[in-house]
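Trainee: build me a model:
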Amino acid sequence: MKNANQIISSLQNQPQFHKLCQFKCIERITSLFMPSFKRFVKFSYIKNSTLFFVLTHNIGKQEFDNNIDNIKTALNLITPEECKDIEIKDIKAFITHTPQKKELKNQNTNEIQRYQERATGNFSIDIKDEKLNELVKSIQDIIRDAT
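Mentor: Model prediction:
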């Protein structure tokens, strides 16, 4: 009988789940980076045997450009076990300028926010048009009933 790890690894080796192997490889490579560089990596992907890193800031791009030869050399000397089947010929990085969405943790979207009425309805109505005068008086009555 197989355990869970064996089942998952046998599923990952099937052709339709090849992206899972790429994902594990990318995660392993990014886990080897320094924390100061990891915070600039928004996401990464592999396309045409090139590993792309999408960065969020120019400083991260500059740091990446300074260390790209070290990264390539390290990957050629010691390839992580997750990346044995994946061929990575080149590594590139670029900056994305799309803003990141921040999650609101404390706000409940199902709850309707209500405010206390601050108007008292004490205002004079000097409108000569009768229809408009009646409309403003009905609004005044609604405000007085709400307080």
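Trainee: in contact with Phe40: list those residues for me.
Mentor: Going by Cβ atoms under 8 Å, 6 or more residues apart in numbering, Phe40 touches 55-57, 59-61, 63-64. In short, each C-beta sits where N, CA and C put it, glycine included.
Trainee: for Thr50, same thing?
Mentor: Counted by Cβ under 8 Å, 6+ apart, Thr50 has contacts 88-92.
Trainee: test my guess that Ile68 contacts Leu75.
Mentor: No. At 10.7 Å, Ile68 and Leu75 do not qualify as touching, with contact defined as Cβ atoms under 8 Å.
Trainee: what sits in contact with each of those two?
Mentor: Ile91.
Trainee: sorry, back to before: quick one: buried ones out of the contacts of Phe40?
Mentor: Taking 16 or more other Cβ atoms under 10 Å as the criterion, what is buried in the contacts of Phe40 is 55-56, 60-61, 63-64.
Trainee: and which of those residues is nearest Asn110?
Mentor: Distance to Asn110, by Cβ to Cβ, is smallest for Thr56 among these, at 31.6 Å.
Trainee: point out the ones among the contacts of Thr50 that are inside helices.
Mentor: In helices, judged by DSSP state H, none of these are found.
Trainee: per-residue confidence averaged over stretch 131-144?
Mentor: Averaging pLDDT along stretch 131-144 gives 90.
Trainee: which non-adjacent residue is nearest Leu20?
Mentor: Excluding its sequence neighbours, the residue lying closest to Leu20 (Cβ to Cβ, 6 or more residues apart in numbering) is Gln12, at 4.9 Å.
Trainee: pretty sure that neighbour is touching Cys21, no?
Mentor: Yes. Look at Gln12 against Cys21 with Cβ under 8 Å: they come within range, at 5.5 Å.
Trainee: the two: who's more crowded?
Mentor: Neighbours per residue, other Cβ atoms under 10 Å: of Gln12 and Cys21, the larger number sits with Cys21, 19 against 16.
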